[in-house]
Structure formats: C-alpha cells, structure tokens
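1. sequence below, structure please.
(2 chains)
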Amino acid sequence: DTAVSQTPKYLVTQMGNDKSIKCEQNLGHDTMYWYKQDSKKFLKIMFSYNNKELIINETVPNRFSPKSPDKAHLNLHINSLELGDSAVYFCASSRSDTREAFFGQGTRLTVV
Amino acid sequence: GNSVTQMEGPVTLSEEAFLTINCTYTATGYPSLFWYVQYPGEGLQLLLKATKADDKGSNKGFEATYRKETTSFHLEKGSVQVSDSAVYFCALTFNQAGTALIFGKGTTLSVSS
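-> Okay, the predicted model is just below:
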C-alpha cells in the first residue's frame, strides 16, 4: 500500500499544453508539498498546504497552480507548458509537528 | 537565510570502504536535520534524522551526529556496499508553520565491487 502516490509517473507533452499531476497520501498527514528537481538533481520547494490551506508559495510562475481538495490530496496544474518546465516533480507529505517528509515516486515531465 | 552545503560529488569508492559525506548548514534558530537517499529512478527516502544538538541518527549502518558548534551533520558508514550507490541529500527544516525541507545539492555515491 503506497504511502504517497503520484500520477502519472512519466508525462511527455508539447509546449503550450496544459497538464495536471495528481498526488494522494494515505498516512493521515496534515501537510503536503510539491518539490521540483532539476536536471542537476537540485530540489526546491514550490508549494505547501496545511489542512487544505496554502502556507508556502515560493517564487513560481503563476502558470503553476496547486489545488488541495482535501487533506489527503494535492494536485498540480500547469498551464502553457514551456521547455524550462521539464523536470521531476515530487509530492511529499508530513505531520506539521515533525516535518519529516515522505516522498512520492516523482513525475518526470518532459516538454518538447 | 537558511541553507545546506554538501560536499561536491561524485564520490567513488570500492566495496567495504569507509564513507564520509560532509554536510554543513546555516540556520536562524535550531533546525531538525535529515539525510535522504534517492536510488536511481526513485523518490527520496528518509535515511536518518536528528532533532537537537548532539543527537545521533542511525539507520542501515549509516550514522550522522548533529554538531551545533560546527553546524555540521556529516554522514558516515563504516563499510559501503554496491547497493549503497545512490544520491544522498542533507536537509534541514524547522518545526513551525510555513516551513519545508531545505536541501543541499546532493552527493552522488558510486560503489564498485
């Protein structure tokens, strides 16, 4: 039973398209995150939600819009995809009192 | 600001060699410290953690001690195996709202038999 699951695992799409990545966690955590890992493996926080409320919104183009319908789900929608958006996107979750994050398998997004 | 600095890789070792991956941090306050590991094609897994000064985290033969005086959290293993080949990330965070893990740039470890 996967703790943090993301779909899809791979996503290849053309420039200008709109795409979504879904994330679900079954750990009962109250905080969820989206991280971006670039081609050099560097990980950077994009967004964080606590109990469906956005609490971290880093300097990310407004083409990226997270949505949290409930505590167990955090989706990422990306409009007008650009070549530079190609990366691996990781969803994670944690309890707000420990911040020990559990990560999904990642979604490798390739924009062509 | 808060940041994590890791030694540059790649680190290449023979099986059964001793491993050290250096990690230092800059933080305003007292963070919790973590080591995560990423195997090829997979997500990150928590390897070990320490939440206060002088705590030692350990798991699967890996160890790291939270050193406040040197702001360090170096990862060590006495005898590496080929299966330890992966990317290792040092990270910090704070137990307060509005914070998330801040990662170092990662260190690639390659172990040959």
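2. residue ranges in the chain under the pLDDT threshold?
-> Reading this off chain A. Within chain A, the stretches with pLDDT under 70 are A:1.
3. apply 80 and report the result again.
-> Regions of chain A meeting the criterion pLDDT under 80 cover residues A:1-2, A:59, A:98.
4. so what's the spatially most central residue of it bridging to?
-> With distances taken as CA atoms, centre = their mean, the residue of chain A nearest its centroid is A:Trp34 (3.3 Å). Beta-bridge pairing for A:Trp34 (DSSP bridges): A:Phe47, A:Cys91.
5. against A:Val112, how distant is it?
-> 22 Å (CB to CB, to the nearest Å). For glycine as for every other residue, the C-beta is placed from the backbone atoms N, C-alpha and C.
6. thinking again about what came up before, pretty sure the residue nearest to the centre of chain A sits against A:Phe47.
-> Yes - using CB atoms under 8 Å, A:Trp34 is in contact with A:Phe47, at 4.7 Å.
7. need the overlap of contacts for these two.
-> Both A:Trp34 and A:Phe47 are contacted by A:66, A:74, A:76, under the criterion CB atoms under 8 Å, 6 or more residues apart in numbering or on different chains.
8. the last one belongs to a strand, doesn't it?
-> Spelled out, that is A:Leu76. Yes - counting by DSSP: H, G, I helix; E, B strand; the rest coil, A:Leu76 is located in a strand.
9. name the residues linked to it by a beta bridge.
-> Beta-bridge partners recorded for A:Leu76 (DSSP bridges): A:Ile21, A:Pro66.
10. pull the contacting residues for it.
-> A:Leu76 is in contact with A:20-21, A:23, A:34, A:46-47, A:64-67, A:89, A:91, counting by CB under 8 Å, 6+ apart.
11. what distance do you get for it to B:Gln81?
-> Per CB to CB, A:Leu76 is found 36 Å from B:Gln81.
12. give me the neighbour count for the closest residue in space to A:Thr13 that isn't next to it in sequence.
-> Closest residue in space to A:Thr13, ignoring its immediate chain neighbours: A:Lys19 at 5.5 Å, by CB to CB, 6 or more residues apart in numbering or on different chains. Neighbour count of A:Lys19, defined by other CB atoms under 10 Å in any protein chain shown: 17.
13. and A:Lys19, how far from chain B?
-> Distance, A:Lys19 to chain B, by CB to the nearest CB, to the nearest Å: 20 Å.
14. again with A:Ile21
-> Counting by CB to the nearest CB, the gap from A:Ile21 to chain B is 13 Å.
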